[in-house]
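Q: any chance you can model this:
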Amino acid sequence: MGTFRRSRFLVMLLILALSLSILAGCGQSQSKQESSGDASSQEAKPEETIKIGTIGPLTGNIATYGISTKNGVEIAVEEFNQNGGINGRPVKLISEDTRGDQTEAANAASKLIEQDKVVAIVGGVISSETLTAGPIANDAKVVMISSSSTAAGVPEIGDYIFRNCLSDEVQAVQLAEYAAKELGLKKFAIMYTNNDYGLSLKNAFEAKAKELAEVTAVETYNDGEKDFRAQLTKIKGTNPDALYIAGYYTEAAKIAQQAKEQGLNVQILGADGFYSPVLIELGGDAVEGAIFTAGFFTDDPSEKAQNFVKAYKEKFNAEPDMFAAQAYDAAMILLTALKNTNGEGGEALQKEMAKTKDFPGITGTTSFTETGDAIKNIIILKVENGKFTKLR
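A: Numbers count the residues shown, from 1 in each chain. The predicted structure follows:
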């Protein structure tokens, strides 16, 4: 009986030892697996993104400008990422709505820089936005490139501020010369919106028109205004040949309509603020024959331009305007510079941007002056049979 118990006891000890050995082996195997998992997770770094931003009016009276700008940048970013981004790292776009308000523009720029940590900004869209937000970006050493802020003084904000559109002065002077010399107009009246954009256009056009012909009247108005009959009555009394409207398409269409209603039959002239399909939608027959300056023409036959138009139509089911095209070019100039700095912003990006020369965009070749202003050619368009056509 004693021998049997001892044998049974030894068997149980052997079973227990084997069990412990198996458990230890499983534990070591599991530990190895866990260790292997940790190493794997440490090696697989999350995908790095490089952030850029846009600021502009996405709501409000001039929302079409901001939406077109944002859309143009989106296409550029998508195309850039499809082509490999910055050494495999994608660019992420963050867009902020300013509603066309200077305070909102300042807040939007601050948010993008301080919270979102963007390395660069495309914007503002209108000059007053850029003149407010620009100093904030410049002080933070964040590159900002505006594709449509044409007012005087924008490039002088600082070394980190660029623009790839022609200034108000250049386009106003060239249109005054064209109207006087090519169209033979001799008496000009001017209406301008009471902001940086309108005032800058008005000053340049008035000076050149006085040099080449006669300025019979100058009247002002505010964005969002709807009744222009008082100003137009004064203008009609001076018997001008042409009316230069230094402002945006919404008010320009209404001014043209009310001028027609008052029997003021004049040549309507304008600047790049006219270039939106909404001008024709709102103005109808009253804007037929209107002539204005622009930085892009949708029917440009070049392959690059038409590829952009096609991509824009496919993505947004709409025809791109000048604001979309110039924004696309601005983003491409910026993204090219960012690629050359391997995604580094600040001083490195500023220096790379400053080197830009004869960049082959869809709005023509672009170079920058020492102050970051654009060097490029102007286009003159006309509303003909309810469509935009190119005069020059």
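
Q: kindly export stretch 233-252 (C-alpha atoms) in CSV.
A: Extracted in CSV, the C-alpha atoms of stretch 233-252 (Å, rounded to 0.1, in the frame of the first residue of the first chain):
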residue,chain,number,x,y,z
THR,A,233,-28.4,110.8,-62.2
LYS,A,234,-25.4,113.0,-61.4
ILE,A,235,-23.3,111.0,-63.9
LYS,A,236,-25.9,111.3,-66.7
GLY,A,237,-25.8,115.0,-66.4
THR,A,238,-22.1,115.0,-67.4
ASN,A,239,-22.8,113.2,-70.6
PRO,A,240,-19.9,110.6,-70.5
ASP,A,241,-19.0,108.1,-73.2
ALA,A,242,-18.1,105.4,-70.7
LEU,A,243,-18.7,104.4,-67.1
TYR,A,244,-15.8,102.7,-65.3
ILE,A,245,-17.1,100.6,-62.3
ALA,A,246,-14.4,99.9,-59.8
GLY,A,247,-16.0,97.1,-57.8
TYR,A,248,-17.5,93.6,-57.7
TYR,A,249,-19.9,91.8,-60.0
THR,A,250,-23.0,92.0,-57.8
GLU,A,251,-23.1,95.8,-57.6
ALA,A,252,-21.8,96.2,-61.1
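
Q: look up how far Gly346 lies from the spatially closest residue to Gly85 that is not a sequence neighbour.
A: Closest residue in space to Gly85, ignoring its immediate chain neighbours: Val91 at 5.9 Å, by Cβ to Cβ, 6 or more residues apart in numbering. Yep, even glycine has a C-beta here, placed from its N, CA and C like the rest. Applying Cβ to Cβ, to the nearest Å, the value for Val91 to Gly346 is 17 Å.

Q: the more surrounded of these two?
A: Val91 (23 against 15; other Cβ atoms under 10 Å).

Q: for the more buried one, list the residues it contacts.
A: Listed by Cβ atoms under 8 Å, 6 or more residues apart in numbering, the contact set of Val91 reads 49-52, 77, 80-81, 85, 335, 338.

Q: rerun that using 10 Å as the cut-off
A: 49-52, 76-78, 80-81, 85, 119-120, 331, 334-335, 338-339, 343 (Cβ atoms under 10 Å, 6 or more residues apart in numbering).

Q: list buried residues within those.
A: 50-52, 76-77, 80-81, 85, 119-120, 331, 334-335, 338-339, 343 (16 or more other Cβ atoms under 10 Å).

Q: show me those residues that map onto helices.
A: 76-77, 80-81, 331, 334-335, 338-339 (DSSP state H).
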